[in-house]
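J.: return a 3D structure for these sequence lines:
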Amino acid sequence: MRNRGMVRQLLLAGGVATGLLGTMSASAQQAPGTPAASVYFGVGLGASRAAFKGSEFTPVLGSTASDETETAGSFKFSTGFRVTRHVGFELSAAWLGTPYKFTSDLLQGGAVVGSVSSRYRVSSWNLAGVGRLPLGTKVALQGKMGAAFTRVENSVSITAAGLTSTTREGKARTNFLWGLGAGYEFANGVELLLEYESYGQVGNNDETGRARISLVTANMLFKF
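T.: So this is what the prediction gives:
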(Lines give C-alpha, C1' and ligand atoms only; values in the text may rest on other atoms or scores of the structure.)
Protein backbone atom coordinates (compact mmCIF):
# COMPACT_ATOMS: atom_id res chain seq x y z
CA MET A 1 0.00 0.00 0.00
CA ARG A 2 2.84 2.40 0.84
CA ASN A 3 4.45 1.81 -2.57
CA ARG A 4 1.15 2.62 -4.29
CA GLY A 5 0.97 5.88 -2.35
CA MET A 6 4.50 6.83 -3.40
CA VAL A 7 3.66 6.08 -7.04
CA ARG A 8 0.54 8.29 -6.85
CA GLN A 9 2.62 11.11 -5.34
CA LEU A 10 5.27 10.85 -8.04
CA LEU A 11 2.64 10.80 -10.79
CA LEU A 12 0.93 13.87 -9.34
CA ALA A 13 4.19 15.81 -9.00
CA GLY A 14 5.19 14.74 -12.52
CA GLY A 15 1.83 15.85 -13.90
CA VAL A 16 2.22 19.29 -12.33
CA ALA A 17 5.74 19.65 -13.72
CA THR A 18 4.59 18.58 -17.20
CA GLY A 19 1.73 21.09 -17.08
CA LEU A 20 4.09 23.89 -16.09
CA LEU A 21 6.50 23.07 -18.89
CA GLY A 22 3.61 23.00 -21.36
CA THR A 23 2.40 26.39 -20.14
CA MET A 24 5.86 27.92 -20.51
CA SER A 25 6.32 26.45 -23.99
CA ALA A 26 2.97 27.75 -25.22
CA SER A 27 3.44 31.20 -23.74
CA ALA A 28 6.89 31.55 -25.27
CA GLN A 29 5.10 32.23 -28.58
CA GLN A 30 3.48 35.41 -27.24
CA ALA A 31 2.51 38.22 -29.54
CA PRO A 32 4.74 41.27 -30.04
CA GLY A 33 4.13 43.98 -27.46
CA THR A 34 3.23 41.56 -24.66
CA PRO A 35 4.67 42.79 -21.32
CA ALA A 36 7.98 41.23 -20.28
CA ALA A 37 8.12 38.34 -17.85
CA SER A 38 8.37 39.15 -14.15
CA VAL A 39 9.40 37.53 -10.88
CA TYR A 40 7.59 38.22 -7.62
CA PHE A 41 7.89 37.51 -3.91
CA GLY A 42 4.89 37.58 -1.58
CA VAL A 43 3.79 37.31 2.01
CA GLY A 44 0.23 36.53 3.07
CA LEU A 45 -1.78 36.54 6.28
CA GLY A 46 -5.19 34.99 6.79
CA ALA A 47 -7.22 32.20 8.32
CA SER A 48 -7.35 28.49 7.63
CA ARG A 49 -10.38 26.27 8.17
CA ALA A 50 -10.17 22.62 9.20
CA ALA A 51 -13.10 20.21 9.13
CA PHE A 52 -12.43 17.32 11.54
CA LYS A 53 -14.49 14.13 11.54
CA GLY A 54 -14.86 12.88 15.11
CA SER A 55 -15.04 9.18 14.23
CA GLU A 56 -11.56 9.39 12.70
CA PHE A 57 -10.09 10.96 15.85
CA THR A 58 -11.58 8.46 18.33
CA PRO A 59 -8.77 5.89 17.80
CA VAL A 60 -6.13 8.66 17.84
CA LEU A 61 -7.37 10.26 21.08
CA GLY A 62 -8.45 7.04 22.77
CA SER A 63 -11.68 8.86 23.61
CA THR A 64 -14.94 9.56 21.78
CA ALA A 65 -14.62 12.72 19.67
CA SER A 66 -17.31 14.76 17.93
CA ASP A 67 -17.21 16.41 14.51
CA GLU A 68 -15.51 19.80 14.66
CA THR A 69 -14.88 22.73 12.34
CA GLU A 70 -12.09 25.01 13.52
CA THR A 71 -10.37 28.15 12.22
CA ALA A 72 -6.87 29.33 13.03
CA GLY A 73 -4.50 32.12 12.04
CA SER A 74 -2.23 31.24 9.12
CA PHE A 75 0.50 32.76 7.00
CA LYS A 76 2.18 32.05 3.68
CA PHE A 77 5.30 32.95 1.71
CA SER A 78 5.42 32.67 -2.06
CA THR A 79 7.65 33.28 -5.03
CA GLY A 80 6.62 33.03 -8.65
CA PHE A 81 7.49 33.63 -12.27
CA ARG A 82 4.94 35.18 -14.63
CA VAL A 83 5.85 34.23 -18.16
CA THR A 84 3.23 36.68 -19.49
CA ARG A 85 0.35 38.63 -17.96
CA HIS A 86 -1.76 35.48 -18.37
CA VAL A 87 0.33 32.50 -17.27
CA GLY A 88 3.06 31.58 -14.81
CA PHE A 89 3.92 29.27 -11.96
CA GLU A 90 4.41 29.60 -8.21
CA LEU A 91 6.25 27.96 -5.32
CA SER A 92 4.89 28.65 -1.84
CA ALA A 93 5.08 27.56 1.79
CA ALA A 94 2.02 27.77 4.05
CA TRP A 95 1.52 27.28 7.78
CA LEU A 96 -2.11 26.22 8.05
CA GLY A 97 -3.11 26.58 11.69
CA THR A 98 -1.05 27.79 14.66
CA PRO A 99 -2.25 25.23 15.84
CA TYR A 100 -5.79 23.82 15.99
CA LYS A 101 -6.66 22.82 19.56
CA PHE A 102 -9.48 20.68 20.93
CA THR A 103 -10.17 18.77 24.16
CA SER A 104 -12.46 15.90 25.16
CA ASP A 105 -13.21 14.03 28.41
CA LEU A 106 -11.45 10.78 29.25
CA LEU A 107 -14.08 8.31 30.41
CA GLN A 108 -13.76 5.11 32.40
CA GLY A 109 -16.86 3.11 33.32
CA GLY A 110 -19.01 6.07 32.28
CA ALA A 111 -17.23 8.43 34.70
CA VAL A 112 -14.90 11.29 33.75
CA VAL A 113 -11.41 10.43 35.01
CA GLY A 114 -9.38 12.97 33.06
CA SER A 115 -9.06 14.81 29.76
CA VAL A 116 -7.54 14.32 26.34
CA SER A 117 -6.27 17.31 24.36
CA SER A 118 -4.83 17.62 20.86
CA ARG A 119 -2.65 20.25 19.17
CA TYR A 120 -2.95 19.73 15.41
CA ARG A 121 -0.48 21.57 13.17
CA VAL A 122 -0.54 21.57 9.36
CA SER A 123 2.09 22.92 6.96
CA SER A 124 2.54 22.59 3.22
CA TRP A 125 4.99 23.25 0.39
CA ASN A 126 3.17 23.93 -2.87
CA LEU A 127 3.96 23.98 -6.59
CA ALA A 128 1.27 25.28 -8.94
CA GLY A 129 0.58 26.61 -12.39
CA VAL A 130 -1.23 29.98 -12.38
CA GLY A 131 -3.59 31.39 -15.01
CA ARG A 132 -4.65 35.06 -14.92
CA LEU A 133 -7.41 37.05 -16.59
CA PRO A 134 -6.60 40.80 -16.62
CA LEU A 135 -9.60 43.12 -16.30
CA GLY A 136 -7.95 46.30 -17.47
CA THR A 137 -4.47 47.43 -16.44
CA LYS A 138 -4.75 47.06 -12.64
CA VAL A 139 -7.29 44.34 -11.78
CA ALA A 140 -6.94 40.63 -12.58
CA LEU A 141 -8.67 37.38 -11.67
CA GLN A 142 -6.59 34.25 -11.28
CA GLY A 143 -6.82 30.50 -10.76
CA LYS A 144 -4.20 27.93 -9.83
CA MET A 145 -3.78 24.15 -9.90
CA GLY A 146 -0.92 22.05 -8.65
CA ALA A 147 0.42 19.85 -5.88
CA ALA A 148 0.42 20.47 -2.11
CA PHE A 149 3.07 18.53 -0.19
CA THR A 150 1.38 18.63 3.22
CA ARG A 151 2.56 17.53 6.66
CA VAL A 152 0.55 17.08 9.86
CA GLU A 153 2.03 17.07 13.38
CA ASN A 154 -0.42 16.04 16.10
CA SER A 155 0.46 16.15 19.81
CA VAL A 156 -2.00 14.27 22.05
CA SER A 157 -1.87 14.83 25.82
CA ILE A 158 -3.73 12.64 28.32
CA THR A 159 -4.21 14.03 31.82
CA ALA A 160 -5.47 11.73 34.60
CA ALA A 161 -4.80 11.37 38.35
CA GLY A 162 -2.67 14.51 38.26
CA LEU A 163 -0.28 13.10 35.62
CA THR A 164 0.10 14.09 31.96
CA SER A 165 1.39 11.90 29.15
CA THR A 166 2.08 13.30 25.65
CA THR A 167 2.57 11.44 22.35
CA ARG A 168 3.39 12.97 18.95
CA GLU A 169 2.66 11.64 15.49
CA GLY A 170 3.41 13.02 12.03
CA LYS A 171 2.14 12.24 8.53
CA ALA A 172 3.16 13.59 5.11
CA ARG A 173 0.75 13.49 2.19
CA THR A 174 0.66 14.88 -1.36
CA ASN A 175 -2.68 16.42 -2.40
CA PHE A 176 -4.22 18.19 -5.35
CA LEU A 177 -4.18 21.96 -4.75
CA TRP A 178 -6.50 24.49 -6.37
CA GLY A 179 -7.21 28.14 -5.73
CA LEU A 180 -9.04 31.27 -6.92
CA GLY A 181 -8.09 34.89 -6.38
CA ALA A 182 -8.41 38.53 -7.39
CA GLY A 183 -5.58 41.03 -7.50
CA TYR A 184 -5.16 44.80 -7.66
CA GLU A 185 -1.85 46.26 -8.81
CA PHE A 186 -0.56 49.47 -7.25
CA ALA A 187 2.34 51.57 -8.49
CA ASN A 188 5.95 50.37 -8.39
CA GLY A 189 5.12 46.70 -8.93
CA VAL A 190 3.21 46.12 -5.68
CA GLU A 191 0.05 44.00 -5.84
CA LEU A 192 -2.66 43.07 -3.33
CA LEU A 193 -3.97 39.55 -3.94
CA LEU A 194 -6.99 38.09 -2.14
CA GLU A 195 -6.97 34.32 -2.50
CA TYR A 196 -8.84 31.15 -1.54
CA GLU A 197 -7.01 27.79 -1.65
CA SER A 198 -8.17 24.21 -1.06
CA TYR A 199 -5.59 21.71 0.24
CA GLY A 200 -7.83 18.64 0.37
CA GLN A 201 -7.67 16.10 3.18
CA VAL A 202 -4.48 15.93 5.25
CA GLY A 203 -3.19 13.41 7.80
CA ASN A 204 -4.40 9.82 8.15
CA ASN A 205 -6.95 7.89 10.17
CA ASP A 206 -4.89 5.77 12.55
CA GLU A 207 -1.91 8.03 13.45
CA THR A 208 -2.72 11.74 13.29
CA GLY A 209 -6.43 11.92 12.44
CA ARG A 210 -7.61 13.55 9.20
CA ALA A 211 -8.90 17.02 8.40
CA ARG A 212 -10.03 18.84 5.25
CA ILE A 213 -8.12 22.13 4.98
CA SER A 214 -8.81 25.41 3.15
CA LEU A 215 -7.12 28.81 3.41
CA VAL A 216 -8.12 32.44 2.79
CA THR A 217 -5.33 35.02 2.65
CA ALA A 218 -4.57 38.64 1.82
CA ASN A 219 -1.18 38.71 0.10
CA MET A 220 1.21 41.52 -0.74
CA LEU A 221 3.24 40.71 -3.87
CA PHE A 222 6.41 42.57 -4.84
CA LYS A 223 7.35 42.24 -8.53
CA PHE A 224 10.81 42.62 -10.03
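J.: chain neighbours aside, what residue packs nearest to Asn219?
T.: Gly44 (3.6 Å; Cβ to Cβ, 6 or more residues apart in numbering). In short, each C-beta sits where N, CA and C put it, glycine included.
J.: so what's the residue count around the one you found?
T.: 22 (other Cβ atoms under 10 Å).
J.: pLDDT below threshold where in the chain?
T.: 1-36, 54-66, 98, 107 (pLDDT under 70).
J.: tell me which stretches of it form strands.
T.: 38-52, 68-82, 87-96, 100-108, 111-135, 139-160, 163-185, 190-204, 209-223 (DSSP state E).
J.: strand 111-135 and the second one, what's the angle between them?
T.: I take that to be strand 68-82. 30 degrees (axes from the mean of the first three to the mean of the last three Cα atoms, to 10 degrees).
J.: may I see the buried residues of strand 68-82?
T.: 70, 72, 74-76, 78, 80-82 (16 or more other Cβ atoms under 10 Å).
J.: helices and strands around that strand, which ones?
T.: strand 38-52, strand 87-96, strand 100-108, strand 111-135, strand 209-223 (3 or more Cβ pairs under 8 Å, 6 or more residues apart in numbering; DSSP states H and E).
J.: adding distance to Glu153, write these out as CSV.
T.: Converted to CSV, the helices and strands packed on strand 68-82 look like this (distance: least, Cβ to Cβ, whole Å):
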stretch, distance to Glu153
strand 38-52, 13
strand 87-96, 11
strand 100-108, 11
strand 111-135, 5
strand 209-223, 11
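J.: count the residues that sit near the nearest residue to Leu135 once chain neighbours are set aside.
T.: The shortest distance from Leu135 to any non-neighbouring residue, by Cβ to Cβ, 6+ apart, is to Leu141 (6.7 Å). Leu141 has 13 neighbours, counted by other Cβ under 10 Å.
J.: please apply the same query to Arg173.
T.: 20.
J.: which residues does the closest residue in space to it that isn't next to it in sequence contact?
T.: Counting by Cβ to Cβ, 6+ apart, Thr150 is the residue found nearest to Arg173 once chain neighbours are left out, at 5.3 Å. With contacts defined as Cβ atoms under 8 Å, 6 or more residues apart in numbering, Thr150 is in contact with 122-124, 172-175, 199-200, 202, 213.
J.: mind doing that once more with 10 Å?
T.: 94, 96, 122-126, 171-175, 177, 199-203, 213 (Cβ atoms under 10 Å, 6 or more residues apart in numbering).
J.: check Glu68 too.
T.: Glu68 makes contacts with 50-54, 57, 100, 102, 104, 211, as judged by Cβ under 10 Å, 6+ apart.
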